[in-house]
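Student: Sequence first, predicted model second:
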Amino acid sequence: MRKYVIGIDYGTDSCRALVVDSANGREVASAVCPYPRWKKGLYCDARGQRYRQHPLDYTESLETAVRGAVAAIPADSPGEICALAFDTTGSTPVLTDAAGTPLALLPRFAGEPDAMFVLWKDHTAIREAAEINAAARRSDTDYTRYSGGIYSAEWVWSKVLHILKTNPSVAEAAYAWIEHCDWMCALLTGNTRPEKVLRGRCAAGHKGLWHAEWGGWPPAEFLDGLRPGLGRFAQRMSSETHTAERYAGGLCGEWAARLGLPAGIPVAVGAIDAHIGAVGAGIRPGVLTRIMGTSTCDIVVCPAEKLGGAVRGICGQVDGSVLPGCVGMEAGQSAFGDVYAWFRDLLMWPVRELLPGRDDLSEEIIPRLGERAALVDPRESSVLALDWLNGRRTPDANPLLTGALTGLTLGTSAPMIFRALVEATAYGSRAIAERFTGEGVEIRSILAIGGIAVKSPFVMQTLSDVLGMPIRVVGYAQTCALGAAMCAAVAAGIHPTVGEAQAAMSVREYVDYVPDPERRAYYERQYERYAALGRFVEQQTNEQ
């Protein structure tokens, strides 16, 4: 009998279950289920930058995806499902009661957005993030030191603090918080009590200010200085964290029945999707792995002894957050594919107004723009763009920053603007790579995964030209789910280490991009214009 493992990937819009042969990484079956409430746009307010997801979206989509994947296993491929593991977006926390139940699952909070999971891209906590940063500067210990020196509105303590300050009824009922990736493991192993939950090091270190240097979470006196009683939330969590290949427990009977899987099979500790996607892509020291979707995450690993100290302006550095034995470092852009989607939706406005029922045209706009933009000689266009449409994540987080377009003329076309937006996202990527190398982190090559990397040769060629480096695209759409499957295989004891799981299960399908020398020279000059525009916009923002 073959030994199958299931990798479960929770993205921004849907849950995907991937059944993999643990011997070679071969995909056996898969299924995807969109989140039904999220798909309807419920509980969100884009103008207020509020993005919330109901816990039932996660449990219902999990049942549908896992059962669908198991049902799709070919009849001539008999195998035994031995383990499962999760990755989720992050930081996507929720407030719970003393039993570890998300408050939105209680009748009194069933329709309350503040009782739901606060999605990674929710920016309602900008003020609270500023308060945390100011408190860290005043403290004898800078608890943001290993979070790039700037705590983000996208991360858990900012979001929790915001809800506690602005929603008294939810604040009164809240006993603890939990990240989405940790909740899934706790739920499926029947171990949801906050004090007993195994907390993943990935989310805790990158998003929760956890670090071994100060004994785990920030001390109660620091948190209570932000809001009286906030320190109790840290005291209700174990100060110990666990890496993603760790066995979290056996699949409980209730969820075994709901998923149609054997009770007691191992469930691995959860982690954030980008970090697990880097595992699936085959990350190793010296390789920058870019996970490219609505936003980007840039993941690098480095042996601790080769790291000079804290890297400024990134999304954290955590021992074991990606590969055991290495410090995992994260950076990224708050908007990447979302920049292109914004322009698509802008162009779709007259279509929706004048041609009702033709929303199908939306799917054709970006591919057609890419084709036409690729034909534009960048030297013949004066358009320059700034990619901060959803603020700047790294280097040096600032959610208040905005995007910009300059150099428009009466001769400017839609493909010219689209090309400038693609170039801007590439310039933002270059700023991240330069921050890593400027801080002494070695980058010898680049791996890219995700929908944009696979589907858009124009974007990838432009990125290679701007970075001046070859890029290898992993030609597999479900790399995050594959990385989760690798962790499941280690948790089950099928492979002894993550490295050995990678060696056995990695997909070796690649498309390579190399920089064009002429365009590279041109983009060297344009990058300086981009940086100057960024400085101007940032100065104007700071003066407002």
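Tutor: Perfect, thanks for sending it.

Student: how far is the helix or strand of the chain with the lowest mean pLDDT from where the chain is centred?
Tutor: Taking mean pLDDT, DSSP states H and E as the measure, the helix or strand of the chain with the lowest value is helix 451-455, at a mean of 91. Averaging C-alpha coordinates over helix 451-455 and over its chain gives two centres that are 16 Å apart (Cα atoms, centre = their mean, to the nearest Å).

Student: Report the buried residues of it.
Tutor: Judged by neighbour count (16 or more other Cβ atoms under 10 Å), helix 451-455 contains these buried residues: 452-455. For glycine as for every other residue, the C-beta is placed from the backbone atoms N, C-alpha and C.

Student: Based on its surroundings, how many neighbours for Gly225?
Tutor: Number of residues near Gly225 (other Cβ atoms under 10 Å) recorded here: 16.

Student: if I look at it, how far off is Pro218?
Tutor: Noted for Gly225: a distance of 10 Å to Pro218, by Cβ to Cβ, to the nearest Å.

Student: next one: Leu226
Tutor: Here Leu226 is placed at a distance of 9 Å from Pro218 (Cβ to Cβ).

Student: do Arg227 as well
Tutor: 13 Å.

Student: Could you find the closest non-adjacent residue to Arg372?
Tutor: What sits nearest to Arg372 in space, not counting adjacent residues and going by Cβ to Cβ, 6 or more residues apart in numbering, is Pro415, at 3.8 Å.

Student: before we move on, back to that, pick out whichever of Leu226 and Pro218 has more residues nearby.
Tutor: Each of Leu226 and Pro218 has its neighbours counted (other Cβ under 10 Å); Pro218 has more, 26 against 20.

Student: Remind me which helix or strand that one belongs to.
Tutor: Using DSSP states H and E, Pro218 sits in no helix or strand.

Student: residue contacts, the nearest residue in space to Val514 that is not next to it in sequence?
Tutor: The spatially closest residue to Val514, leaving aside those adjacent along the chain, is Pro470, at 4.9 Å (Cβ to Cβ, 6+ apart). Going by Cβ atoms under 8 Å, 6 or more residues apart in numbering, Pro470 touches 445-446, 464, 512-515.

Student: again with Ser239
Tutor: 215-217.

Student: what's the single longest helix in the protein?
Tutor: Ranked by residue count and defined by DSSP state H, the top helix of the chain is helix 517-543.

Student: packing partners for it?
Tutor: Helices and strands touching helix 517-543, by 3 or more Cβ pairs under 8 Å, 6 or more residues apart in numbering; DSSP states H and E, are strand 384-386, strand 404-406, helix 414-438, helix 457-467.

Student: would TSV of these with mean pLDDT, distance to Val537 and mean neighbour count be doable?
Tutor: Formatted as TSV, the entries for the helices and strands packed on helix 517-543 read as follows, by pLDDT from 0 to 100; distance: least, Cβ to Cβ, whole Å; neighbours: other Cβ atoms under 10 Å:
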stretch	mean pLDDT	distance to Val537	mean neighbour count
strand 384-386	98	6	23
strand 404-406	97	5	16
helix 414-438	97	12	22
helix 457-467	97	19	23
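
Student: how about those, which one is nearest Ala17?
Tutor: helix 457-467 (27.9 Å; Cβ to Cβ).

Student: got the angle between the longest helix of the chain and helix 414-438?
Tutor: Following axes from the mean of the first three to the mean of the last three Cα atoms, to 10 degrees, one obtains 80 degrees for the angle between helix 517-543 and helix 414-438.

Student: ok, His494 - contacts?
Tutor: Wrong residue type there; residue 494 is Ile, not His. Each residue near Ile494 by Cβ under 8 Å, 6+ apart is listed here: 3, 5, 22, 82-83, 501.

Student: Mind checking what secondary structure it has?
Tutor: coil (DSSP: H, G, I helix; E, B strand; the rest coil).

Student: What score does it have for pLDDT?
Tutor: Note on Ile494: pLDDT of 98.

Student: do Glu543 as well
Tutor: 89.

Student: same question, Arg525
Tutor: 95.

Student: Against Leu384, how distant is it?
Tutor: In this structure, Arg525 and Leu384 are 11 Å apart, going by Cβ to Cβ.

Student: Likewise for Leu401?
Tutor: Separation of Leu401 from Leu384 (Cβ to Cβ) stands at 16 Å.

Student: now do Pro168
Tutor: Pro168 is 47 Å from Leu384, by Cβ to Cβ.

Student: if I've got this straight, Val5 is in a strand?
Tutor: Yes - Val5: assigned to a strand according to three-state DSSP.

Student: isn't it right next to Ala485, touching?
Tutor: Yes - using Cβ atoms under 8 Å, Val5 is in contact with Ala485, at 4.8 Å.

Student: Give me the common contacts of the two.
Tutor: Common neighbours of Val5 and Ala485 (Cβ under 8 Å, 6+ apart) are 20, 22, 85.

Student: just to revisit the earlier point, need the phi and psi values for the residue nearest to Val514.
Tutor: phi -70, psi 150 (degrees, to the nearest 10).

Student: for the protein, what are the low-confidence residue spans?
Tutor: The chain contains no residues with pLDDT under 70.

Student: wait, Ala72 sits on Glu27?
Tutor: No - counting by Cβ under 8 Å, Ala72 sits too far from Glu27 to count as a contact (10.4 Å).

Student: More neighbours: those two, which one.
Tutor: Glu27 (18 against 13).

Student: Make sure that one is actually in contact with Gln478.
Tutor: Yes - the pair Glu27 and Gln478 passes the contact test of Cβ under 8 Å, sitting 7.3 Å apart.

Student: between the two, what contacts are shared?
Tutor: Common neighbours of Glu27 and Gln478 (Cβ under 8 Å, 6+ apart) are Leu18.

Student: circling back: now neighbour count too, for the shared contacts of Val5 and Ala485, in JSON lines please.
Tutor: Shown next, in JSON lines, are the shared contacts of Val5 and Ala485 (neighbours: other Cβ atoms under 10 Å):
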{"residue": "Val20", "neighbour count": "28"}
{"residue": "Ser22", "neighbour count": "24"}
{"residue": "Ala85", "neighbour count": "34"}
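
Student: Just give the closest residue to Tyr340, not the sequence neighbours.
Tutor: Ile366 (5.6 Å).

Student: neighbours around the one you found, how many?
Tutor: Neighbours of Ile366 (other Cβ under 10 Å): 22.

Student: pretty sure it is touching Asp338, no?
Tutor: No - checked against Cβ under 8 Å, the pair Ile366 and Asp338 is beyond contact range at 11.9 Å.

Student: who's Ala83 bridged to?
Tutor: Val5 (DSSP bridges).

Student: any idea how far it lies from Ala173?
Tutor: 35 Å.

Student: These two: which is more packed in?
Tutor: Taking other Cβ under 10 Å, Ala83 and Ala173 do not tie; Ala83 has more neighbours (27 against 18).

Student: need the contact list for that one.
Tutor: Residues in contact with Ala83, defined by Cβ under 8 Å, 6+ apart, are 5-6, 265-268, 488-489, 491-492, 494.

Student: can you put those in CSV and add distance to Ala278?
Tutor: Converted to CSV, those look like this (distance: Cβ to Cβ, whole Å):
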residue, distance to Ala278
Val5, 18
Ile6, 20
Ile265, 25
Pro266, 22
Val267, 21
Ala268, 16
Ala488, 16
Ala489, 17
Ala491, 18
Ala492, 21
Ile494, 21
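
Student: Relative to Trp120, which of the residues you listed is nearest.
Tutor: Among the contacts of Ala83, Ala268 lies closest to Trp120 (Cβ to Cβ), at 21.0 Å.

Student: Good, we can wrap up now.
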